[in-house]
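Colleague: Below are the sequence and a predicted model for it; my questions follow.
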Amino acid sequence: MKDETADDENWGQQFDRLPETAEDRVVEGRPSRNEVVEWWEERFGIDPATFDSYTFWEKGAGKIWAFNGEVVDPIQVEGLGMRILRTRQRHWKPSTNAVQRFCRDATKNVIELSPGEAKAFVAGHDQQLDWWEGDWGYLTAAHEISGDLEPLGVGLYLHGELRSTVPKGRQEELVKLD
Amino acid sequence: MNPLQRYAPLVDDEEAFLAACERPLPSVVRVNTIKTTVERAREALDDEGVAYEPTDWHPGILKLEESSPGTNWPYFHGWLHGQEEVSALPAIALDPQPGERIWDTCAAPGSKTTQIAAMMDDEGVLVGNDNNLGRLSALRHNAERLGVTNLVVSNQDARNFSMKPFGERTPEEPGSFEQFDRVLVDAPCSCEGTCRKNPDVLDEWTMNHVASVAGIQKGILRRAVQVTKPGGSVVYSTCTLAPEENEAVLDFVLEREDCEMVEWDVPDNFETSSGITEWEDEEYDPSVTKARRVYPHQNDTGGFFTAKLEVNA
């Protein structure tokens, strides 16, 4: 039987703070704070200083949360800051909300959509966009609003196609398609 | 019984009061300053041809002329949140500051919670609590859509809220705390102040319900005072005009907990009335006049009640 009080296991009823570095890791498979910050920098060019005041937590297998404050570790609550990332899989996947919140300053892997493409994207449609010449994988989909680029959410780009990963609950609130 | 008739003796203009209660409320949105500025949100609405009018008491609270908030780009980006105009008052009375520890006792679905987060510049520890797990998912959804990252979502009965999850019994642990700087008690109530949005509340209103929610309100407000540090603030608000749920609750708690009523800064151009000290056969502590009542005809909003307490040092 699984020992739910064991320090070296991940268990889903509480938030556990991420170790600072890989060397500090006690729970197998848990990413370190440094790895998370480096991932955002490497994938989207987000300045690591953005996260200086944040603590990072895992609840459930590979669900990573960012919290702009300090609380005890571990902590048994229903939510802690924002769910930002899915790890413990081959390609880490950022959440729509995290991309909207943090990828405004992204300098890499941002795919700018036309007004029509943006509407289709937020309605959850996959689109053939052969003109993209950047990386494959998870991209920040963005469009222009009030004279600036604003992130819409996460797209998965593979073989010339941009798949929308905008969650159902966010799609409902959407702009009607023309 | 139409509860509105009870309050006619309290208002300056009975006819205007009753007439206002009959009119539907306009659609109102609050600009979410975690994700954008008031200027940029307005520009985006202009670009989309969505007509709005800023309220004359708050630049970030906009009345939409037609469309519901859920169908435009600024809404999708989490720049706007649909929130009844008058319900922006409790967070203003609370006056939250960045980096503080704040407890929102009855937080779901989160309009006031997310407003508090924005006023904290999204920094510190904001505990959004609700006893209803289903409603908590709405709170989480709203908070994430608005980009809030300083929220701790908790599921407890506020009347016997435990500080144990926050490290009360392990004060040596980093990040532990046992008291809050500020607490908002936006209490469950008989809601007749929301009749302009939902006229059914008037049909469902009973004195029994008033008595039962008043008991809950007293329990939550007492607990709120107990877990607030000396010198800290507790804001008590309801969307009802019933004195049994407002001044009587304050009177009850003032007598039993170490706290006192204080004035709060009502925004310019927003009209309010004082709390009352006599109702039917009851008399209340004279300091409850510092509470503010809002009648629907005063600012063309819903009915509301907001009071601020300071915990004695």
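Modeller: Cool, got the structure. Residues are numbered from 1 along each chain as shown, chains lettered A, B, ... in the order given.

Colleague: Any idea which residue of chain B lies closest to chain A?
Modeller: Going by Cβ to the nearest Cβ, chain A is nearest to B:Val153 of chain B, at 3.2 Å. For glycine as for every other residue, the C-beta is placed from the backbone atoms N, C-alpha and C.

Colleague: Report how many residues lie close to B:Ala141.
Modeller: Quick fix: residue B:141 is His, not Ala. 16 (other Cβ atoms under 10 Å in any protein chain shown).

Colleague: tell me which element it falls in.
Modeller: Per DSSP states H and E: B:His141 is located in helix B:133-145.

Colleague: immediately after that helix, which helix or strand?
Modeller: Next in sequence after helix B:133-145, counting helices and strands by DSSP H and E, comes strand B:151-154.

Colleague: which outside residues touch that next one?
Modeller: Outside strand B:151-154, the residues within contact range by Cβ atoms under 8 Å, 6 or more residues apart in numbering or on different chains are A:67, A:69, A:71, A:75, A:77-81, B:107, B:113, B:117, B:125-129, B:136, B:139-140, B:143, B:165.

Colleague: Mark which of the residues you listed are buried, thanks.
Modeller: A:67, A:69, A:71, A:75, A:77-81, B:107, B:113, B:117, B:125-129, B:136, B:139-140, B:143, B:165 (16 or more other Cβ atoms under 10 Å in any protein chain shown).

Colleague: And the longest helix belonging to chain A, what's buried?
Modeller: In chain A, taking DSSP state H as the definition, the longest helix is helix A:33-44. Across helix A:33-44, burial judged by 16+ other Cβ under 10 Å covers A:33-37, A:39-41, A:43-44.

Colleague: Can you tell me what sits against whichever helix or strand comes after it?
Modeller: Using DSSP H and E, the next helix or strand after helix A:33-44 towards the C-terminus is strand A:55-58. Residues outside strand A:55-58 that contact it (Cβ under 8 Å, 6+ apart) are A:10, A:15-18, A:27, A:30-31, A:33, A:36, A:64-67, A:69-71, A:73, A:80-81, A:87.

Colleague: Among these, name the ones in strands.
Modeller: Among these, DSSP state E puts A:16-17, A:64-67, A:80 in strands.

Colleague: Could you dump these into TSV with pLDDT and distance to chain B added?
Modeller: Converted to TSV, the ones in strands among the contacts of strand A:55-58 look like this (pLDDT from 0 to 100; distance: Cβ to the nearest Cβ, whole Å):
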residue	pLDDT	distance to chain B
A:Asp16	96	13
A:Arg17	97	9
A:Ile64	98	13
A:Trp65	98	9
A:Ala66	98	6
A:Phe67	98	6
A:Leu80	98	6
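
Colleague: Sketch out the low-pLDDT regions of the chain for me.
Modeller: Went with chain A since none was named. A:1-5, A:172-178 (pLDDT under 70).

Colleague: hmm, I had chain B in mind actually
Modeller: In chain B (pLDDT under 70), the answer is B:67-70.

Colleague: What count of nearby residues applies to the spatially closest residue to A:Val72 that is not a sequence neighbour?
Modeller: Nearest residue to A:Val72, sequence neighbours excluded (Cβ to Cβ, 6 or more residues apart in numbering or on different chains): B:Gly167, at 3.8 Å. Other residues within reach of B:Gly167, judged by other Cβ under 10 Å, total 19.

Colleague: now do B:Asn246
Modeller: By the measure other Cβ under 10 Å, the count of residues near B:Asn246 is 29.

Colleague: wait, it sits on B:Thr240?
Modeller: Yes. Counting by Cβ atoms under 8 Å, B:Thr240 is a contact partner of B:Asn246 at 7.0 Å.

Colleague: Need the residues touching each of these two.
Modeller: Residues touching both B:Asn246 and B:Thr240 (Cβ under 8 Å, 6+ apart) are B:Phe305.

Colleague: Off-centre distance for stretch A:95-113?
Modeller: Here stretch A:95-113 is found 9 Å from its chain centre; the criterion is Cα atoms, centre = their mean, to the nearest Å.

Colleague: so where do the helices sit in the chain?
Modeller: Picked chain A for this. With DSSP H as the criterion, chain A has helices at A:33-44, A:96-102, A:115-122, A:168-171.

Colleague: my bad, the chain I had in mind was chain B
Modeller: In chain B, the segments counted as helices under DSSP H are B:3-7, B:14-22, B:38-47, B:73-76, B:89-94, B:111-119, B:133-145, B:200-204, B:207-226, B:247-256, B:296-299.

Colleague: And for residue 138, the neighbour number?
Modeller: Unless you meant another one, I'm taking chain A. As a burial measure, A:Tyr138 scores 20 neighbours (other Cβ under 10 Å).

Colleague: think we crossed wires, I meant chain B
Modeller: 14.

Colleague: ok, now B:Arg101?
Modeller: Neighbours of B:Arg101 using other Cβ under 10 Å come to 23.

Colleague: right, and it touches B:Glu178 too?
Modeller: No. Using Cβ under 8 Å, B:Arg101 is not in contact with B:Glu178, being 10.0 Å away.

Colleague: Can you name the residues that contact the residue most central in space within chain B?
Modeller: What sits nearest the mean C-alpha location of chain B, by Cα atoms, centre = their mean, is B:Pro90, with 4.1 Å. By Cβ under 8 Å, 6+ apart, the contact set of B:Pro90 is B:112, B:184, B:186, B:235, B:237, B:306.

Colleague: quick revisit: can you put the buried residues of helix A:33-44 in CSV and add distance to chain B?
Modeller: Formatted as CSV, these follow (distance: Cβ to the nearest Cβ, whole Å):
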residue, distance to chain B
A:Arg33, 15
A:Asn34, 19
A:Glu35, 19
A:Val36, 14
A:Val37, 15
A:Trp39, 17
A:Trp40, 14
A:Glu41, 18
A:Arg43, 19
A:Phe44, 16
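
Colleague: how many neighbours does the residue nearest to A:Val37 when sequence neighbours are not counted have?
Modeller: Once flanking residues are discounted, A:Val37 sits nearest to A:Pro48: 4.8 Å by Cβ to Cβ, 6+ apart. When neighbours are defined as other Cβ under 10 Å, A:Pro48 has 12 of them.

Colleague: what's the burial count for B:Ser237?
Modeller: Neighbours of B:Ser237 using other Cβ under 10 Å come to 27.

Colleague: partners of it in the sheet?
Modeller: Beta-bridge pairing for B:Ser237 (DSSP bridges): B:Asp186, B:Thr306.

Colleague: just A:Ser164 next, same as before
Modeller: Listed by DSSP bridges, the beta-bridge partners for A:Ser164 are A:Gly155.
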